[in-house]
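In: Requesting a structural model of the entry that follows:
(one chain, ligands or ions: 2)
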Amino acid sequence: MEIAPGAFHLPGYLSLEEQKVLATRCQALIDGRVPGYVPRVRGGGVMHVRMLCLGRHWNGLIYKYESSRSDFDGLAVPPLPEEFRRLANGIAASVGMPLDADLCILNYYDAAGRMGVHQDKDESDASLAAGHPVVSLSVGDAARFLFGGVRRRDPVDAIRLESGDAFVFGGPARLRFHGVSRIAPGTAPPGLGVAGRFNLTFRQY
Ligand code: SIN
Ligand code: MN
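Out: Ligands and ions are numbered 1, 2, ... in the order given. From the prediction side, this is the model:
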């Protein structure tokens with residue numbers, strides 16, 4: 001459903017089986033040879049998620065993308081899996097938005113995880129100008145997702161993102177402020193076997 005021009009909440013986009021496959025894949029990636037880590041950001045703070053970038057690395061110290069993790073361990077960024085790319089492009093197409101995803105930021109939120117309100121604006125000028133959407137997929141515990149306007153002072157709506165939900169913001173909504181104020185611990189579907197929350201945001205650089 002379109003909650004604002006260019007912004008779509010797709011509750012239950014993934015079946016429980018699809019959520020299980022995705023959660024297992026996310027866990028393996030985050031615990032893999034190039035592991036998830038807690039980014040330091042400019043200003044000296046640390047984020048309240050464990051992050052792993054695929055396809056391109058987002059450097060939180062300089063708010064730019066790069067091919068290796070120069071702000072952490074120098075390792076080359078792992079590729080974006082082809083099935084992730086297809087999944088994201090299909091979600092965007094389902095709401096009529098063109099996307100050829102080439103990067104994903106995978107975040108793991110534990111019970112205390114959160115993310116301050118921000119804009120996603122470090123992708124290329126051409127991508128932002130075209131309004132190629134950010135496609136978000138969530139698996140695990142529910143989150144209180146904040147979705148505002150294109151100015152920081154604009155009012156913010158709270159949307160509960162549940163396991164399996166997709167959220168797409170592109171076109172006129174591409175630069176809307178958003179964040180996660182809290183996780184609802186223990187609300188992942190029984191049988192999923194996830195404590196905490198995985199969120200994947202796909203973008204086209
Ligand atoms: C993000 O804004 O990058 C993450 C959003 C979310 O976790 O739902
Ligand atoms: Mn974001």
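In: give the contact list for the closest residue to ligand 1 within the chain.
Out: Using Cβ to the nearest ligand atom, residue 199 is the residue of the chain that sits closest to ligand 1, at 3.4 Å. Just so you know, the C-beta spots here come from the backbone N, C-alpha and C atoms, and that holds for glycine as well. Residues near residue 199 by Cβ atoms under 8 Å, 6 or more residues apart in numbering: 106, 107, 109, 136, 137, 138, 139, 143, 161, 180.
In: what residues are up against the closest residue to the fourth one other than its chain neighbours?
Out: Put plainly, it is residue 136. Take residue 136 and drop its neighbours on the chain: the residue closest to it by Cβ to Cβ, 6 or more residues apart in numbering is residue 167, 4.3 Å away. By Cβ under 8 Å, 6+ apart, the contact list for residue 167 reads 7, 8, 9, 10, 135, 136, 138, 145, 159, 161.
In: In the top helix by length along the chain, which residues are buried?
Out: For the chain, the longest helix by residue count, based on DSSP state H, is helix 16-30. Going by neighbour count (16 or more other Cβ atoms under 10 Å), the buried part of helix 16-30 is 19, 20, 22, 23, 25, 26, 27, 29, 30.
In: What's the end-to-end length of stretch 161-176?
Out: With Cα to Cα, to the nearest Å as the measure, stretch 161-176 spans 17 Å from end to end.
In: Any buried residues in it, and which?
Out: Counting neighbours by 16+ other Cβ under 10 Å, stretch 161-176 gives 161-171, 173-174, 176 as buried.
In: Among these, which pair sits farthest apart?
Out: Pairwise distances across the buried residues of stretch 161-176 (Cβ to Cβ) peak at 26.6 Å, for the pair 163 and 171.
In: Please name the bridge partners of the residue of the chain closest to ligand 1.
Out: Residues in a beta bridge with residue 199, per DSSP bridges, are residue 107, residue 138.
In: could you pull out the helices for this structure?
Out: Per DSSP H, the chain carries helices over the ranges 16-30, 82-94, 125-130.
In: Quick one: residues contacting residue 182.
Out: In this structure, residue 182 makes contact with 114, 143, 144, judged by Cβ under 8 Å, 6+ apart.
In: just those that are near ligand 1?
Out: residue 143 (Cβ under 6 Å from any ligand atom).
In: out of the contacts of residue 182, which is most surrounded?
Out: Counting neighbours by other Cβ atoms under 10 Å, residue 143 leads these with 26 neighbours.
In: Confirm for me that it is in contact with residue 158.
Out: No. The pair formed by residue 143 and residue 158 falls short of the contact definition of Cβ atoms under 8 Å, at 10.0 Å.
In: near ligand 1, which residues of this structure?
Out: 105, 107, 115, 136, 143, 145, 161, 178, 180, 199, 201.
In: Any idea what the closest residue to the third one other than its chain neighbours is bridged to?
Out: In other words, residue 115. Counting by Cβ to Cβ, 6+ apart, residue 115 lies nearest to residue 180, which is 4.4 Å off, once chain neighbours are set aside. Listed by DSSP bridges, the beta-bridge partners for residue 180 are residue 115, residue 145.
In: what pLDDT does residue 180 get?
Out: Predicted confidence (pLDDT) at residue 180: the value is 98.
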